[in-house]
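Peer 1: Below: sequence and its predicted model.
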Amino acid sequence: MFGFIKKSLKGIVKKFEKPVDNKETEKDKEEIVAQEKVVEKNNRSSNGAPFLQSKKEGTTTKLKKTKDKIEKENEPTERKDTESKDEIKEIVKPKKRGFFSKQISEKDLEKFKLELVKANVSFDVAEEISDKLKDKDGRNIKKLLRNELLSLLEQDEFKIETFIKDKIKEQGNCMVLFFGYNGSGKTTTIARLGYLLKEQKIPVVFAAADTFRAAAIEQLSAHAENLKIDIVKHKYGGDPAAVVFDAKKHAKAVNGVVLADTAGRLHSDKNLMEELHKILRINKPDLTILVLDSLTGSDILEQIEKFGDVDFDALILTKVDVNEKGGAMLSVKQKTDKPILFLGMGQEYKDLEKFDAEKIVKKMLD
Ligand SMILES: Nc1nc2c(ncn2[C@@H]2O[C@H](COP(=O)(O)OP(=O)(O)OP(=O)(O)O)[C@@H](O)[C@H]2O)c(=O)[nH]1
Ligand SMILES: [Mg+2]
């Protein structure tokens, strides 16, 4: 999961966050030790005794004075031989420490941007992220990236269970409608959410409002049976708005929530889109959820755009468990300010994870 984007992020982090620096530091340390040895050597009196202890040359103060002189004038003192002159010059030469100025270069940013785009991050978002790194000190790169990713993914908390419970208290039932492209994971998501809400002791009613696709009613019925959840269904070819209407009535009787399945549709399916608008008009859902398949990569943005006129309230992204790229999620968050409620993380009933920006960023960066 997130393999591609993780690779891009880690790639640039690695470039600036040492080992390289550590290596340089180690190298520097070795040089310093070597130079200290030279100082010691130069500071020894001719009889080989350390200068510090030499009665002939005087005291510690004398040594300090000599060293100060060396550093000030960049000139050797007592020792006349050219070899030591060079050695001393070497000591006082300001050390080059390239790693103090590890600014992130334009070239690195261009490469990084490309990597992000390859991981399905939209160009705009890739540019936004890399712009934030411009002229920054590369040694802080992980922190900078973490902040940037968090600010992209963070959203106001929306607790669906609380929302549903409040609606049931207020009006006797609640209705949540799911829609999206063919195969995006609507029916599976409804089953998983049904399981989660049932665990919370909320009565759930499935509405089999996909009366269009062969076997769609059986698919939802099988989940209802497994989970011991009530289901309202009509015949194939029937009016989906009427199925949802009946399910709402049933939910009122049991003080529960309707999770309404709908047929997969493309925006270009005129009839199916009209049908969706009819369901909405007649049944006025309390919450509409657009289900997006994260495997569709950058097309995901097109889906949001195309379904824009349905005025959805929230999103669920499925198949995140098998999505190696991971970048589309960032683009989704930039495209819409609607919250992502859950991530589909597999095909089991328990595989619906609450969207958690911190957790996702950790998975991408650590
Ligand atoms: N790995 C994985 N597979 C998923 C996930 N969600 C759904 N699927 C699979 O995706 C396929 C389509 O899921 P459905 O729930 O039938 O999708 P749908 O949107 O209802 O499809 P239509 O009714 O045909 O429009 C099924 O094989 C699911 O098991 C997920 O989060 N992870
Ligand atoms: Mg379905």
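Peer 2: Happy to help now that I have it. Ligands and ions are numbered 1, 2, ... in the order given.

Peer 1: And the residue of the stretch 101-250 of the chain closest to ligand 2?
Peer 2: residue 187 (3.3 Å; CB to the ion). Just so you know, the C-beta spots here come from the backbone N, C-alpha and C atoms, and that holds for glycine as well.

Peer 1: doesn't residue 220 make contact with that residue?
Peer 2: Yes - counting by CB atoms under 8 Å, residue 220 is a contact partner of residue 187 at 5.7 Å.

Peer 1: Please identify which of those two sits among more neighbours.
Peer 2: In terms of neighbours (other CB atoms under 10 Å), residue 220 is the more surrounded of residue 187 and residue 220; the figures are 26 against 23.

Peer 1: my read: the more buried one touches residue 209, true?
Peer 2: No - the pair formed by residue 220 and residue 209 falls short of the contact definition of CB under 8 Å, at 9.3 Å.

Peer 1: Could you break the chain into its assigned domains?
Peer 2: 3-19+101-153, 21-98, 160-365 (automatic domain parsing).

Peer 1: weakest of those domains in terms of mean pLDDT?
Peer 2: Within the domains of the chain, the stretch with the lowest mean pLDDT is domain 21-98, showing a mean of 48.

Peer 1: can you list residues touching both of residue 187 and residue 220?
Peer 2: Both residue 187 and residue 220 are in contact with 210, 261, where contact means CB atoms under 8 Å, 6 or more residues apart in numbering.

Peer 1: Stretch 184-194 near ligand 1 anywhere?
Peer 2: Yes - with CB under 6 Å from any ligand atom as the threshold, stretch 184-194 lies in contact with ligand 1, specifically through 184, 185, 186, 187, 188.

Peer 1: Please report which of those residues has the highest neighbour count.
Peer 2: Within the residues of stretch 184-194 next to ligand 1, residue 186 tops the neighbour count with 29 neighbours, counted by other CB under 10 Å.

Peer 1: What count of nearby residues applies to residue 364?
Peer 2: For residue 364, the number of neighbouring residues by other CB under 10 Å comes to 23.

Peer 1: close enough to count as contact, it and residue 2?
Peer 2: Yes - the pair residue 364 and residue 2 passes the contact test of CB under 8 Å, sitting 5.4 Å apart.

Peer 1: Pull up the overlap in contacts between those two.
Peer 2: With CB under 8 Å, 6+ apart applied, the overlap between the contact sets of residue 364 and residue 2 consists of residue 326.

Peer 1: quick one: which helix or strand includes residue 332?
Peer 2: When elements are defined using DSSP states H and E, residue 332 is found to belong to helix 328-335.

Peer 1: and the closest residue to ligand 1 within the stretch 1-150 of the chain, what does it touch?
Peer 2: Among the residues of the stretch 1-150 of the chain, residue 1 lies closest to ligand 1, at 10.5 Å counting by CB to the nearest ligand atom. Going by CB under 8 Å, 6+ apart, residue 1 touches 320, 321, 322, 323, 324, 326, 363.

Peer 1: ok, of those residues, which come out buried?
Peer 2: A residue is treated as buried here by neighbour count (16 or more other CB atoms under 10 Å); on that basis the buried members of the contacts of residue 1 are 320, 323, 326.

Peer 1: wait, which of the residues you listed is closest to ligand 2?
Peer 2: Sorting the buried ones among the contacts of residue 1 by how near they are to ligand 2, with CB to the ion, puts residue 320 at the top with 18.3 Å.
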